[in-house]
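# A predicted structure for the sequence below; I have some questions about it.
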Amino acid sequence: MAGKIIAVNRKARFDYTVDETYECGIELLGTEVKSIRDGRISFPDAWAEIVNGEVWLNSFLIAENPFSSIFNHEPARKKRLLLHKQEIKRLNRKVEEKGFTLIPLSFYLKNGRVKVELGICKGKKLYDKRAGIRERDLNRDMEREFRRGR
C-alpha cells in the first residue's frame with residue numbers, strides 16, 4: 001500500500017482475523033471521487049460480495065458533494081470493485097468456505113486513483129478479542145517500562 005491514506009477500518013481488524021489482502025480499484029462517479037478525496041466516507045459495517053463474477057461493495061456511504069449541482073450521486077449505491085478474473089475466482093473459492101467474508105480494510109490514493117484494500121476475513125470469537133486486548137495492554141506496559149529504564 002502506497003500513497004495517501006484516506007481512511008482505515010480499525011473496527012475490522014478488531015472484529016476479524018485477516019487471512020489475505022488484495023488491492024482493488026473501485027468504479028466511482030466524479031462527485032464520489034471529490035467526496036472521497038475530502039474524506040467524506042463512512043464504512044464501519046461495509047462488506048463485499050461476488051455476484052455473477054463481479055465484486056460489489058455494500059454499505060459503503062460516500063456523502064454528497066456540497067459543491068455539485070443536480071448531478072450529485074446517490075450516497076448508498078453499490079460500488080463495483082475492479083479485480084482480475086483470476087483474483088475473483090480465488091476470492092470466490094475462499095468466500096465459499098465456512099466463515100470467510102470480504103471486508104474493506106482501508107481506502108487510499110495511489111497515482112491519483114482511489115484504491116481499496118480488501119481483506120478475506122474470518123470473524124473472531126469473544127475470547128479472541130479479549131486475548132488481543134490483553135496482548136496490546138502487555139505490549140504497552142513493556143514499552144512503558146523500557147522508556148522508564150532509559
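Cool, got the structure.
# report the distance from the longest helix along the chain to the chain centre.
Within the chain, and with DSSP state H defining each element, the longest helix by residue count is helix 126-149. Taking C-alpha atoms, centre = their mean, to the nearest Å, one finds helix 126-149 lying 25 Å from the centre of the chain it belongs to.
# give me the helices and strands touching that helix, please.
helix 10-15 (3 or more C-beta pairs under 8 Å, 6 or more residues apart in numbering; DSSP states H and E). To be clear about C-beta, it is placed using only N, CA and C from the backbone, and glycine gets the same treatment.
# so how far is Glu27 from Lys78?
Per C-beta to C-beta, to the nearest Å, Lys78 is found 10 Å from Glu27.
# how near is the closest residue to Val8 other than its chain neighbours to Ser59?
In this structure, Val8 finds its nearest non-sequential neighbour in Ser106, 4.5 Å apart by C-beta to C-beta, 6 or more residues apart in numbering. Applying C-beta to C-beta, the value for Ser106 to Ser59 is 16 Å.
# higher neighbour count, these two?
For Ser106 versus Ser59, neighbours defined as other C-beta atoms under 10 Å are more numerous around Ser106 (20 against 14).
# correct me, but the more buried one touches Gly3?
No. The criterion here is C-beta atoms under 8 Å, and Ser106 misses it with Gly3 at 10.7 Å.
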